[in-house]
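Student: below: sequence and its predicted model.
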Amino acid sequence: MQISSASVEVLKIPVTDGYQAAGRAVDANWHVLVRVRTTDGIEGVGYIVQPRGDLMRTIASGAAELAEHLPGMDIRQPEAIWLALADRAAWVGPGGLLHWSLAPLDIAVWDALGKLLGQPIFRLLGGYRSEVAAYASDRMWYSVPVDDLQDVISNYAAAGYGGVKLRLSHSAPAAEQAERVRAARDAAGLDVNVMVDATLGWSYTQAVEIGRALQEAGAGWLEDPIDHRDYVGLAKLRDMFDMPVTGGEHYYTVAELRNCLEARALDVVILDLARVGGITPWRRMAALGEAFNVPVCGHVVPEVHVHLLASVPAGDMVEYMPRSTEILRNMPVPSGGKMAPLDAPGHGLELDEGAVSRFRV
C-alpha cells in the first residue's frame, strides 16, 4: 500500500483558435502532470491546467521536489500525505505556488486510492448524487464577435445546457456590455441562464454602474465583479442586485473563504482545485460553504470537479470548460444539461500516452 515513486512532467497543448481572456492572449493550455505509483503496481494520475505558461515549469519543479518525499507513505492516508508535504514547504505557504504544486500530487494520490479500493472518487468522498447540473463556459470570450457568440450559445442551448457564461470587458462602457448580454439572451432562449464573469476587472463604481445595466439586460449571475479581497464591497453588491454575486476561485485557504462567508460577500462560492491545493483541502472548503448555507461550484477542470461536486450536499454546478480533452481517451461530456462523474475506480480518466508524448515540453 506504500508509494514507491512519482514523476512530474509539463505539457503544452495548443488551442485551435487563440483568444483573449482577462486581458491576456491565450494560445495553449499548459499542464503539470503527475503520476504516483505504489508498490502494488497501481498508478494514480493528477494534473493542473492553466491557459498560460508563466511559472508552470516552476510549479512542476515544486511538485517534483515535494514528490521526493512520497516514497514510503501509505496511499490510504491522503490527509496525512497532504499535511506532511505542506508542512515541509510551509515556509512558502499557505497558498501560492505551494498549493499549485501540491494539487496534482494530491489528485494523483486520490486517483490511486480509488483504484486500490475499486471505487470512484465521488463515492469515496460521500457519494451524495450521481450527476451534477452543468453550465457551458467555453468560447464565449469578450473578443468573440457577437454573431459568433450567438451561434455558440444557440448550440449550447440546443445541447440542453441550463446556463452559459460570458466573459466581460474590463473597460467597455456599460451600454455596450449590456447589449452583449441582450444578444446572448436572444440566442439562449427563455430557459437558459445567461451568466457573466467580469474576471475581477472592475472598480466598485464600475461594478455598480455596469451591474445595474447587466441585470436590466437579463443577466442571471455576476461573477468576480471586483477584487476578491474586498469583502465589504462584494457584500454591498450582493445586497444591491437581485442576480447572485458569485466568486471564490482566487481563494487559496479555508481562512480566506471563512472571512468571505462571514462577511456575507457571495451568494455562490466557486472553488479552484489547483489554488486550494487539491482534493483534500477542497473538501474542507466545501464543508465551510455548507455551514454558511452557500452553494459551492467548481472552477474549470470539470472532469475532476464533477466527482467533488457530486460527493457533497453543497455541490451545485460544474463549469464545463474542457482543457484536457486532447490528452484523455475518455473526457466525460454533459448530456441534457447534466454531467456524471465517470463510474470507474479513481477519477476514471485514461491518458492518451501518444498525445502526452506529443505535447510534452
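Tutor: The structure has been received and is ready for your questions.
Student: please tell me how far the closest residue to residue 265 other than its chain neighbours sits from residue 57.
Tutor: Residue nearest to residue 265 in three dimensions, not counting chain neighbours: residue 234, with 3.8 Å by CB to CB, 6 or more residues apart in numbering. All C-beta spots, glycine's among them, are computed from the backbone N, C-alpha and C. Summarising the geometry, the distance separating residue 234 from residue 57, computed by CB to CB, to the nearest Å, is 34 Å.
Student: among those two, which residue is more densely surrounded?
Tutor: residue 234 (26 against 13; other CB atoms under 10 Å).
Student: separation between that one and residue 228?
Tutor: 8 Å.
Student: so who does the spatially closest residue to residue 345 that is not a sequence neighbour touch?
Tutor: Distance criterion CB to CB, 6+ apart; nearest residue to residue 345, sequence neighbours excluded, is residue 115 at 4.4 Å. Shown here is residue 115, whose contacts under the criterion CB atoms under 8 Å, 6 or more residues apart in numbering are 42, 43, 44, 345, 346.
Student: residue 235: which element?
Tutor: helix 231-240 (DSSP states H and E).
Student: if I look at residue 263, how far off is residue 290?
Tutor: Between residue 263 and residue 290 the distance is 18 Å, computed by CB to CB.
Student: report the distance from stretch 1-8 to the chain centre.
Tutor: 26 Å (CA atoms, centre = their mean, to the nearest Å).
Student: count the residues that sit near residue 119.
Tutor: When neighbours are counted by other CB under 10 Å, residue 119 comes out with 17.
Student: sorry, that was for residue 189
Tutor: Each residue near residue 189 was counted by other CB under 10 Å, and the total is 12.
Student: tell me if I'm right that the residue nearest to residue 265 and residue 224 touch.
Tutor: No - checked against CB atoms under 8 Å, the pair residue 234 and residue 224 is beyond contact range at 9.4 Å.
Student: identify the contacts common to those two.
Tutor: Counting by CB under 8 Å, 6+ apart, the shared contacts of residue 234 and residue 224 are residue 247.
Student: can you give me the strands for the stretch 251-361 of the chain?
Tutor: 268-271, 296-298, 315-320, 338-339 (DSSP state E, counting those that start in this stretch).
Student: can you redo those strands as TSV with mean pLDDT?
Tutor: Formatted as TSV, the strands of the stretch 251-361 of the chain follow (pLDDT from 0 to 100):
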stretch	mean pLDDT
strand 268-271	98
strand 296-298	98
strand 315-320	98
strand 338-339	98
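Student: dump those strands into CSV; add distance to residue 106 and mean neighbour count as well.
Tutor: What follows is the strands of the stretch 251-361 of the chain, written out as CSV (distance: least, CB to CB, whole Å; neighbours: other CB atoms under 10 Å):
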stretch, distance to residue 106, mean neighbour count
strand 268-271, 14, 22
strand 296-298, 15, 25
strand 315-320, 19, 25
strand 338-339, 22, 20
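Student: count of residues packed around residue 344?
Tutor: Neighbour count of residue 344, defined by other CB under 10 Å: 16.
Student: quick check: longest helix of the chain.
Tutor: Among all segments of the chain classified by DSSP state H, the helix with the greatest residue count is helix 96-117.
Student: so how far is that helix from its chain's centroid?
Tutor: In this view, helix 96-117 has its centroid 15 Å away from the chain centroid, taken as CA atoms, centre = their mean.
Student: then stretch 171-182?
Tutor: Distance, stretch centre to chain centre, for stretch 171-182: 26 Å (CA atoms, centre = their mean).
Student: average pLDDT for that stretch?
Tutor: Computed over stretch 171-182, the mean pLDDT rounds to 97.
Student: now do the residue positioned nearest the centre of the chain against residue 165, distance only.
Tutor: When CA atoms, centre = their mean is applied to the chain, the residue found nearest the centroid is residue 299 (2.2 Å). In this structure, residue 299 and residue 165 are 11 Å apart, going by CB to CB.
Student: overlap in contacts of those two?
Tutor: Common neighbours of residue 299 and residue 165, using CB under 8 Å, 6+ apart, are residue 319.
Student: what residues of the lengthiest strand in the chain count as buried?
Tutor: If you go by DSSP state E, the chain has its longest strand at strand 3-21. Buried residues in strand 3-21, counted by 16 or more other CB atoms under 10 Å: 3, 6, 8, 9, 10, 11, 13, 19.
Student: next one, pLDDT for the residue lying closest to residue 335 once chain neighbours are set aside please.
Tutor: If you skip the residues right next to it in sequence, residue 335 has residue 160 as its closest partner in space, 7.1 Å away by CB to CB, 6+ apart. At residue 160 the predicted local distance difference test score is 97.
Student: share the number of residues neighbouring residue 160, please.
Tutor: A total of 15 residues lie near residue 160 under the criterion other CB under 10 Å.
Student: now do the same for it: helix, strand or coil?
Tutor: coil (DSSP: H, G, I helix; E, B strand; the rest coil).
Student: my read: it touches residue 337, true?
Tutor: Yes - checked against CB under 8 Å, the pair residue 160 and residue 337 is within contact range at 4.3 Å.
Student: tell me the bridge partners for the nearest residue in space to residue 294 that is not next to it in sequence.
Tutor: With sequence-adjacent residues excluded and distances taken as CB to CB, 6+ apart, residue 294 is closest to residue 269, at 5.3 Å. Listed beta-bridge partners, residue 269: residue 247, residue 296 (assigned using DSSP bridges).
Student: verify the stated contact: residue 269 with residue 261.
Tutor: Yes - Residue 269 sits in contact with residue 261 when judged by CB under 8 Å, with a separation of 7.4 Å.
Student: quickly list what's touching both of the two.
Tutor: With contacts taken as CB under 8 Å, 6+ apart, residue 269 and residue 261 have 289, 294 as neighbours in common.
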